[in-house]
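Colleague: let me see the structure of the following:
(2 chains)
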Amino acid sequence: LAKTTQPISMDSYEGQEVNITCSHNNIATNDYITWYQQFPSQGPRFIIQGYKTKVTNEVASLFIPADRKSSTLSLPRVSLSDTAVYYCLVGGTGGGNKLTFGTGTQLKVEL
Amino acid sequence: DTGVSQNPRHKITKRGQNVTFRCDPISEHNRLYWYRQTLGQGPEFLTYFQNEAQLEKSRLLSDRFSAERPKGSFSTLEIQRTEQGDSAMYLCASSGDVAEKLFFGSGTQLSVL
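Modeller: Presented below is the predicted three-dimensional model:
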């Protein structure tokens, strides 16, 4: 199982770029890297997914180095509404226990 | 709304009672997951279905827990003889691609008194 390690918490201010790094040293060849956002009393919400290099969508970018042992979620110009817990998940085809969440990173955005 | 639907949103029960939760996944998704989440923790995997087949079940899941997915559509999670330690948010997610991009419902918050 590809265990993940993330910082427990991060603080930022509105308008800043936030980068959250996740370590996954035991990632398998067929594992994808997926990030989720969760607000209190809601289910996690998909943000972005990648396999290697860089992926960008309308809300975030995901940077994955060549060895794939880590990944960085980049949130441009955060706002108060980005205050949430962010989870990094690694897993591939087959699902099940491979899709294991860690404790996530609590991001707090202030004015 | 074509998202994942869970019912009920909240359930309060007395210790020793049985409870059942329902999950309706996104219609074209063949994979369905159940997770449990307690305050301050990430979601904890419980079980996984591909179509109607239950392919994986966490060792953390006691024999008081059972899940079904008849006909590969909706799923139910039943907890028998509930205990106070079962109090948690129960999350359902579905996936339709090999990269296992999960779409979660809003969860069922269980409180066992």
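Colleague: switch to C-alpha atoms for all contacts and neighbour counts from now on
Modeller: Fine.
Colleague: residues contacting the closest residue to B:G16 other than its chain neighbours?
Modeller: Leaving aside its sequence neighbours, B:G16 sits nearest to B:R81 (Cα to Cα, 6 or more residues apart in numbering or on different chains; 4.0 Å). Contact partners of B:R81, counting by Cα atoms under 8 Å, 6 or more residues apart in numbering or on different chains, are B:R15, B:G16, B:Q17, B:N18, B:R64.
Colleague: what do you get for A:A66?
Modeller: With the criterion set at Cα under 8 Å, 6+ apart, A:A66 makes contact with A:K52, A:T53.
Colleague: can you check B:F21 too?
Modeller: Applying Cα under 8 Å, 6+ apart, the residues near B:F21 are B:Q6, B:N7, B:P8, B:T76, B:L77, B:E78, B:T108.
Colleague: out of those residues, which end up buried?
Modeller: B:Q6, B:N7, B:T76, B:L77, B:E78, B:T108 (16 or more other Cα atoms under 10 Å in any protein chain shown).
Colleague: does the fourth one have beta-bridge partners, and which?
Modeller: Counting by DSSP bridges, B:L77 is bridged to B:F21, B:A67.
Colleague: B:R64 is in contact with that one, correct?
Modeller: No: B:L77 is beyond contact range of B:R64, at 10.5 Å (criterion: Cα atoms under 8 Å).
Colleague: what lines up beside the host helix or strand of A:I47 in the sheet?
Modeller: Element membership of A:I47, judged by DSSP states H and E, is strand A:45-50. Strand A:45-50 has the following sheet partners, assigned by DSSP bridges: strand A:32-38 (antiparallel).
Colleague: what mean pLDDT does the strand it pairs with get?
Modeller: Computed over strand A:32-38, the mean pLDDT rounds to 94.
Colleague: how many residues are close by B:D97?
Modeller: Counted with other Cα atoms under 10 Å in any protein chain shown, residues neighbouring B:D97 total 12.
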